[in-house]
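Novice: no FASTA, just this:
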């Protein structure tokens, strides 16, 4: 949802906002990298043992993410924004 308008804040608050945006961007990128690594790890484990029931149970209990497989590759999806990692 896009809202048009203006907001007036102090320069100190603006600097904090910019700093926090950079921090949030770094954390988001770190989360993506971590999720990819976990996907690789899950793919490795699932190639050695049958994890279908465990993954199915995880997907039923997890509120924020879902694990699915595309071929032999484990994909972690975030439920809130449908991002594939």
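Specialist: Thanks, I have it. All values derive from a computational prediction rather than experimental measurement.
Novice: Now do the strands in the protein.
Specialist: For the chain, the strands defined by DSSP state E cover 65-70, 73-78, 83-84.
Novice: what about the last one, average pLDDT?
Specialist: Confidence over strand 83-84, taken as the mean pLDDT, stands at 56.
Novice: quick one on the thing from earlier: the strands of the chain: which one's closest to residue 6?
Specialist: Comparing the strands of the chain against residue 6 with Cβ to Cβ, the closest turns out to be strand 83-84 (31.2 Å). Every C-beta, even on glycine, is put in place using the N, C-alpha and C of the backbone.
Novice: Which one of the strands of the chain has the poorest average confidence?
Specialist: Of all those, the minimum mean pLDDT falls on strand 83-84 (a mean of 56).
Novice: in this protein, which spans are helices?
Specialist: Counting by DSSP state H, one finds helices in the chain at the ranges 11-48, 52-61.
Novice: one step back: out of the strands of the chain, which one sits most buried?
Specialist: strand 73-78 (a mean of 17; mean count of other Cβ atoms under 10 Å).
Novice: and it, how far from the chain's centre?
Specialist: Here strand 73-78 is found 9 Å from its chain centre; the criterion is Cα atoms, centre = their mean, to the nearest Å.
Novice: swap in stretch 43-61?
Specialist: Computed by Cα atoms, centre = their mean, the separation of stretch 43-61 from the middle of its chain amounts to 19 Å.
Novice: returning to that earlier point: please convert the strands of the chain to a markdown table, extending it with distance to residue 15.
Specialist: Supplementary listing: these in a markdown table, determined by distance: least, Cβ to Cβ, whole Å:
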| stretch | distance to residue 15 |
| --- | --- |
| strand 65-70 | 34 |
| strand 73-78 | 30 |
| strand 83-84 | 29 |
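Novice: Fine by me, thanks again.
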